[in-house]
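**Q** Please work out how this folds:
(2 chains, ligands or ions: 1)
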Amino acid sequence: MADEPLILGIETSCDETGVGIVRGHTLLADALASSVEEHARFGGVVPEVASRAHLEAIVPTMQRALTDAGVTLADIDAIAVTSGPGLAGALLVGVAAAKGYALAAEKPVYGVNHLAAHVAVDTLEHGPLPEPAIALLVSGGHSSLLLVDDLARGVTPLGATIDDAAGEAFDKVARLLGLPFPGGPPIDREARAGDAASIAFPRGLTAAKDLAAHRYDFSFSGLKTAVARWVEARQRAGEPVPVADVAASFQEAVCDVLTTKALAACRAQGIETLVIGGGVAANSRLRALAEQRAEKYGIRVRVPRPKLCTDNGAMVAALGSHLVAAGVAPSRLDLPADSALPLTTVSV
Amino acid sequence: MLVLVVDSSTPAVTAALVEVSADGVASRAHRCTVDARAHGELLAPQVDAVLADVDARPRDLTAIVAGLGPGPFTGLRVGLVTAATMGQVLGIPTYGVCSLDAIGYPAASGEPVLAASDARRKELYWAVYDGAGQRIVGPEVSTPVVAAARARELGALVAVGDGAHRYADVLDLPVRVEPRYPDATVLALLAAERIRAGAPGERLTPLYLRRPDAVAATGRKPVLP
Ligand SMILES: [Zn+2]
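**A** Down below sits the predicted model:
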């Protein structure tokens, strides 16, 4: 094991400053600093606030990761960094930091795709990923369904949200219900006491006519509006809003669509592995429903533990490790941060 | 003592190596590219290039000096994070210098001078220096009209820097041609005492001068077509 490459990963695409260290598929450190509390009162991530926080956090977070792993930068074989997609200014802090570390320590640097890293992180929990696999990535910033043929060289987008990201819908509905930001955890908590069948909220892009053009795409904007209308009607009538029932019914609608489409993709392609990643993968109902439905078709669902689902440095290190093992060439020092990096580009 | 200097507070992305000795600061290698939109791409290769120019390795560095701005935030952070991370790896001190000082100090010649860089949004980052090149007011951010009025009150009869060039009409002061951007050797000169004394390294805190625009990202939009 000791001769497997030691890889460091840096993540700054949104509001988490993450530094992870892995050896092969073994996680050695996963240090994280979050600016989430600074954004809470704005109901969403403020890019400049996140960028400032990354600059302050990067050096201490790196120090923590090195201490936790019991290694120094001289021991590291390569440095991987999220070069996109994400918030441009936030990405740039991480990319410039990775180059500074790489330059000073005279190590290669790999600019990698954030979404591919969400897939790769599962290897730290469940070992090498069978290829091909289907990946469902759901967070506040993205909702995508991918075909993973070769995680080192390219993944094929099958579908994505055409409006809001799934996590964004959680944030907006949480706000409607007077729950805190980010909305995922409080809705999950409230929903446990509610009846998921009490309100029939719409399932976006599941009608036969929509499936023709959007078989694997998602839409959560209509759902969000339906929840808003339902809640406002109650409020206008002077009736109390049954928060737990709304949360449970909303959550059920999201999880129903996500799992239905993800499993349909697996079956259509004859693929037996579904990986779920991104912050929304930490949702307890999504995990349970995916497993329950997949079992019927003999499909194995792989979901990393919640801390690895949300943005972190370990996922970037995991992808870096995979790229090094696959013999992929490192990036150049003029590697840019690309806020719209396409999924087909795993490393730049 | 071989010292790395970086500044990314203006469109001039700068990396330089200087030799700091008991009696002076001498430039050894210098790379500067003027491009307001590519700080992230340009700086690291330039650091690599100046090291190669003098056949040095990062471990040969004694200290790093960085221009703290003020400057447009995104570009400014590139220089500071580069300096901070390299300093961390190498275990060497990092020192910060107000970037405007590296324009105003070398421009001073006996009378007060206004040094200004572009702050975008029709504003300037500026400071006023006395005849000996010491900063007497600033750094501040304001419209060129306000900067010009303050500069006149302080007896400045000349302006310098890229911001002064851009707003020469409004400032209504003669503009000295050089330096247009922060001078890397001067940045090192202004940190030379600290470098020679082996003073403890400093946390590189940017001179933002403006609060962040506190508007949440409107839906981090889907990244797929
Ligand atoms: Zn993510």
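**Q** for chain A, what's the longest helix?
**A** Longest helix of chain A, by residue count under DSSP state H: helix A:243-269.
**Q** by how many degrees do the helix or strand following that one and helix A:243-269 diverge?
**A** As assigned by DSSP states H and E, the chain's next helix or strand after helix A:243-269 is strand A:273-277. Counting by axes from the mean of the first three to the mean of the last three C-alpha atoms, to 10 degrees, strand A:273-277 lies at 140 degrees to helix A:243-269.
**Q** is chain B contacted by strand A:273-277?
**A** No: using C-beta under 8 Å from any C-beta of the partner chain, strand A:273-277 stays clear of chain B, coming no nearer than 14.5 Å. In short, each C-beta sits where N, CA and C put it, glycine included.
**Q** Mean confidence (pLDDT) on the helix or strand encompassing residue A:18, please.
**A** In this structure, residue A:18 sits in strand A:16-23 according to DSSP H and E. Strand A:16-23 carries an average pLDDT of 97.
**Q** That one packs against which elements?
**A** Counting contacts by 3 or more C-beta pairs under 8 Å, 6 or more residues apart in numbering or on different chains; DSSP states H and E, strand A:16-23 is packed against strand A:6-11, strand A:26-34, helix A:47-69, helix A:313-325.
**Q** gap between the second one and the chain center?
**A** Relative to its parent chain, strand A:26-34 has a centroid offset of 16 Å by C-alpha atoms, centre = their mean, to the nearest Å.
**Q** what's the pLDDT at the residue most central in space within chain B?
**A** The C-alpha lying nearest the average C-alpha coordinate of chain B belongs to residue B:99 (C-alpha atoms, centre = their mean; 2.9 Å). Per-residue confidence for residue B:99 comes out at a pLDDT of 98.
**Q** would you say it is within a strand?
**A** No: read with DSSP: H, G, I helix; E, B strand; the rest coil, residue B:99 is coil and lies in no strand.
**Q** Please name the residues that touch it.
**A** B:7, B:9, B:10, B:67, B:68, B:69, B:70, B:71, B:117, B:182, B:187, B:207 (C-beta atoms under 8 Å, 6 or more residues apart in numbering or on different chains).
**Q** now the chain, which segments are flagged as low pLDDT?
**A** Just so you know, I chose chain A. In the predicted model of chain A, residues A:1-2 satisfy pLDDT under 70.
**Q** try chain B instead
**A** B:216-225.
**Q** what's the longest helix in chain B?
**A** Every helix in chain B considered (DSSP H), the longest is helix B:73-90.
**Q** Which strands and helices lie in contact with it?
**A** helix A:47-69, helix A:88-105, strand B:2-7, strand B:12-21, helix B:39-53, strand B:63-67, strand B:94-97.
**Q** Of all the residues in the longest one, which ones are buried?
**A** Neighbour-count burial for helix A:47-69, with 16 or more other C-beta atoms under 10 Å in any protein chain shown as criterion, is recorded at A:47-59, A:61-62, A:64-66, A:69.
**Q** Distance from that helix to the middle of the chain?
**A** Distance, centroid of helix A:47-69 to centroid of chain: 19 Å (C-alpha atoms, centre = their mean).
**Q** ok so, going back, could you export the helices and strands packed on helix B:73-90 as JSON lines, including distance to the ion?
**A** Shown next, in JSON lines, are those (distance: least, C-beta to the ion, whole Å):
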{"stretch": "helix A:47-69", "distance to the ion": "13"}
{"stretch": "helix A:88-105", "distance to the ion": "12"}
{"stretch": "strand B:2-7", "distance to the ion": "30"}
{"stretch": "strand B:12-21", "distance to the ion": "30"}
{"stretch": "helix B:39-53", "distance to the ion": "20"}
{"stretch": "strand B:63-67", "distance to the ion": "31"}
{"stretch": "strand B:94-97", "distance to the ion": "31"}
